[in-house]
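Engineer: need a 3D model of the sequence below.
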Amino acid sequence: MKKIEAIIRPERFMAVSSMLQETGIMGMHVTEIRGQGSEISKTRVWRGREYMVDLHKKIKLEVVVPEAELETAIKIIMEEAKTGVIGDGKVFVTHVESACRIRTGETGHNAISANGRVVKLSPKESGDMKAVESLKKERASLNEVFPK
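Structural biologist: As a prediction, this is how the structure comes out:
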């Protein structure tokens, strides 16, 4: 098993996560972070005073995948997160010794995969999924009007 840690732009997160889910990579952890890489500091003005913004908002996405799915997951992250501008982020891969699912006691690959189980969404979550679908449709129509 391998752990992928990707530091990406916040505005690219939905594209990355939806493509990972479409390929069956479901489990992920997401953290909002601030960091400094090779991006240039920005000067901002607030209440008439200038200040420097050195730390930029980013998303840290953590995914544990079997080695067979590693290249696919990295390719998806790289393609969906890329804008071609400094500050697109980085991808780090580390080895995972073992994994255990607390609820069932499953270990190894079984602890990180769905094993064909169907997850039932609560009514609130299914409403959230409908909202996500409508956002995807809205984004697709915006992409037709404003191509990249």
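
Engineer: sheet partners, orientation included, of the longest strand anywhere in the chain?
Structural biologist: In terms of residue count, the longest strand belonging to the chain (DSSP state E) is strand 56-65. Strand 56-65 has its sheet partners listed here by DSSP bridges as strand 2-8 (antiparallel), strand 29-35 (antiparallel).

Engineer: which is the succeeding secondary structure element to the last one?
Structural biologist: The one in question is strand 29-35. Sequence-wise, the next helix or strand downstream of strand 29-35 (DSSP states H and E) is strand 42-46.

Engineer: run through the neighbouring helices and strands of that following strand.
Structural biologist: If you count contacts as 3 or more C-beta pairs under 8 Å, 6 or more residues apart in numbering; DSSP states H and E, strand 42-46 packs onto strand 49-53. The way it works is simple: take the backbone N, C-alpha and C, and place the C-beta from them, glycine included.

Engineer: list the neighbouring strands of the strand it packs on plus their orientation.
Structural biologist: With DSSP bridges as the test, strand 49-53 is paired with strand 42-46 (antiparallel).

Engineer: now the partner strand: buried residues?
Structural biologist: Judged by neighbour count (16 or more other C-beta atoms under 10 Å), strand 42-46 contains no buried residues.

Engineer: off-centre distance for the longest strand of the chain?
Structural biologist: 5 Å (C-alpha atoms, centre = their mean, to the nearest Å).

Engineer: list the contacts of it.
Structural biologist: The contact list for strand 56-65 (C-beta atoms under 8 Å, 6 or more residues apart in numbering) reads 1-10, 12-13, 16-17, 20, 25, 27-37, 39, 73, 77, 87, 89, 96, 99, 112.

Engineer: now it: mean pLDDT?
Structural biologist: Across strand 56-65, the average pLDDT comes to 94.

Engineer: repeat that for stretch 27-39.
Structural biologist: For stretch 27-39, the mean confidence score works out to 88.

Engineer: and that stretch, which residues are buried?
Structural biologist: 28, 39.
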